[in-house]
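In: Dropping the sequence and predicted coords here.
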Amino acid sequence: DSGVTQTPKHLITATGQRVTLRCSPRSGDLSVYWYQQSLDQGLQFLIQYYNGEERAKGNILERFSAQQFPDLHSELNLSSLELGDSALYFCASSGRGLAYNEQFFGPGTRLTVL
Amino acid sequence: AQKVTQAQTEISVVEKEDVTLDCVYETRDTTYYLFWYKQPPSGELVFLIRRNSFDEQNEISGRYSWNFQKSTSSFNFTITASQVVDSAVYFCALSEANRNFNKFYFGSGTKLNVKP
């Protein structure tokens, strides 16, 4: 158990809908990262937050947004969902967001868009 | 540009065989960090090891060993006497020494099948 929690574990929804994925980092970790893992794309970095502020953006679509709250949990919002958004979404956390910090991953949320 | 290449998409071995998973990286930085993660069939990503660019000593942890060679930009992972429980997808990742963020560049992963 990495100490990172994600909810829900599974999510099934329809195209055009909006969903929110939630992540709680390990106790004491200030950085949260979101990744998308689809079959044909591997692990794609989406976005990083550090202590409530956005730090880095990767291949995140405009239909997606995220935020980190004062209690350090984070939410990833996916809107106008398309079939291609079906994937495993991982959240990870690390201590200070510095390069040498390994990231600890949550169990993931499997999103299926029908 | 930063890039991690895991050329082996899938490897199958029989239990007790040794197997090496290759990882080649590209970066312009002189200071960087390399990682290996394991993703078993259950789906979670498990941290295995971190290495910084100044430490080229090989590391051994039980049946696992890692060979870091800056001259060839490689960070290979060897499992000795493989077991069925080693079956998983293994990811190599690179992180640059940027004080402001910790973006990981992941390879595409190598799926290891260990057959009894």
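Out: Nice, I can see it.
In: wait, what's in contact with residue B:26?
Out: Residue B:26 makes contact with B:1-5, B:73 under the criterion C-beta atoms under 8 Å, 6 or more residues apart in numbering or on different chains. All C-beta atoms are positioned from the backbone trio N, CA, C, and that covers glycine.
In: again with residue B:40
Out: So residue B:40 contacts B:46, B:87-88 (C-beta under 8 Å, 6+ apart).
In: Leaving out the residues flanking it, which one is nearest to the spatially most central residue of chain A?
Out: Nearest to the mean C-alpha position of chain A, counting by C-alpha atoms, centre = their mean, stands residue A:34 at 3.1 Å. Counting by C-beta to C-beta, 6 or more residues apart in numbering or on different chains, residue A:34 lies nearest to residue A:46, which is 4.2 Å off, once chain neighbours are set aside.
In: quick one: what helix or strand has the one you found in it?
Out: strand A:42-50 (DSSP states H and E).
In: separation between residue B:34 and residue A:29?
Out: The spacing between residue B:34 and residue A:29, counted by C-beta to C-beta, to the nearest Å, is 21 Å.
In: What subset of the contacts of residue B:40 is buried?
Out: B:87-88 (16 or more other C-beta atoms under 10 Å in any protein chain shown).
In: and chain A, which of the contacts of residue B:40 reach it?
Out: residue B:46 (C-beta under 8 Å from any C-beta of the partner chain).
In: Just the ones of the contacts of residue B:40 in strands?
Out: Mapping the contacts of residue B:40 onto strands (DSSP state E) picks out B:46, B:88.
In: what residues does chain A put near chain B?
Out: So far as C-beta under 8 Å from any C-beta goes, chain A lies against chain B at A:2, A:31, A:33, A:42-43, A:45, A:48, A:50, A:55-56, A:58, A:88, A:90, A:92, A:94, A:97-108, A:110.
In: try it again with 7 Å
Out: By the rule C-beta under 7 Å from any C-beta of the partner chain, the part of chain A lying against chain B is A:31, A:42-43, A:45, A:48, A:55-56, A:58, A:88, A:90, A:94, A:97-105, A:107-108.
In: Tell me which of those residues fall in strands.
Out: Using DSSP E, these in strands are A:31, A:42-43, A:45, A:48, A:55-56, A:88, A:90, A:94, A:104-105.
In: Out of those, show me where the pLDDT dips lowest.
Out: Ranked by pLDDT, those bottom out at residue A:42, which has 80.
In: For the nearest residue in space to residue B:87 that is not next to it in sequence, the count of nearby residues, please.
Out: Nearest residue to residue B:87, sequence neighbours excluded (C-beta to C-beta, 6+ apart): residue B:114, at 4.8 Å. When neighbours are counted by other C-beta atoms under 10 Å in any protein chain shown, residue B:114 registers 20.
In: what bridges to residue B:114?
Out: residue B:13 (DSSP bridges).
In: thinking again about what came up before, mind checking which of the contacts of residue B:26 are buried?
Out: Buried by 16+ other C-beta under 10 Å: B:4, B:73, out of these.
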